[in-house]
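build me a model:
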Amino acid sequence: MPTLAAIAFKDKKRGIMKPLQSANVTTESGVENDIFGRPGKRQVTIMSQQQWQQACDELNQQLDWLTRRVNLLIDGYTFCATDVGKRIYLGESTILEITGETDPCSKMEKSVTGLEAALTLDWRGGITAKVIASGHITIADTVVIK
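Residues are numbered from 1 along each chain as shown. Have a look, this model is predicted:
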């Protein structure tokens, strides 16, 4: 069963990602304190641990997941195009809806040569989601995607 492996936010544009052990996720502001958490299709960004590892393996490097600059890291699931429209259930009450693919940007290439291209394949860069139901999430929470 998939689990929530990590949580992070950034409090300013181009700011560093700050990891959390737990967080409130709301329909108004996404992951608490995240500058980009306003309502919309890209309220929360999520990546698969396995797909991140594929990108790292392709580059022959072990990179910290925070390099990708997403809010949530899910272990035990691989995202793809057919996931758009599905819901992600986290913790006791948080529900997110998958809205699309997170396109890797030039910041990835500036971080590590070849990373942008490695993330472009097979939805490795992650997904975007909007918050349907607010709640509290904690690392190791069970994740259900349907």
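
which strands or helices does the worst-scoring helix or strand of the chain on mean pLDDT pack on?
Lowest by mean pLDDT, DSSP states H and E among the helices and strands of the chain is helix 106-111, with a mean of 76. Contacts defined by 3 or more C-beta pairs under 8 Å, 6 or more residues apart in numbering; DSSP states H and E place helix 106-111 against helix 115-120. Where you see a C-beta, it was placed from the backbone N, CA and C, and this is true even at glycine.

returning to what we had before: tell me which residues in the least confident helix or strand of the chain are buried?
Neighbour counts over helix 106-111 (16 or more other C-beta atoms under 10 Å) mark residue 108 as buried.

before we move on, what about stretch 48-55?
Buried, per 16+ other C-beta under 10 Å, within stretch 48-55: 48, 49, 51, 52, 54, 55.

and that stretch, average pLDDT?
Averaging pLDDT along stretch 48-55 yields 97.

what does it contact?
Stretch 48-55 is contacted by residues 5, 63, 65, 68, 73-79, 115, 118-119, 121-124, 126 when judged by C-beta atoms under 8 Å, 6 or more residues apart in numbering.

hey, what's residue 46 bridged with?
residue 72, residue 127 (DSSP bridges).

can you pull the contacts of it?
Neighbours of residue 46 in contact, by C-beta under 8 Å, 6+ apart: 70-74, 79, 88, 96, 102, 126-129.

any chance of those residues in CSV, with neighbour count and distance to residue 145 too?
Below are the contacts of residue 46 laid out as CSV (neighbours: other C-beta atoms under 10 Å; distance: C-beta to C-beta, whole Å):
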residue, neighbour count, distance to residue 145
70, 22, 16
71, 25, 16
72, 25, 12
73, 22, 14
74, 26, 8
79, 24, 9
88, 24, 5
96, 27, 9
102, 22, 16
126, 25, 13
127, 26, 10
128, 21, 14
129, 28, 11
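
appreciated, that's everything.
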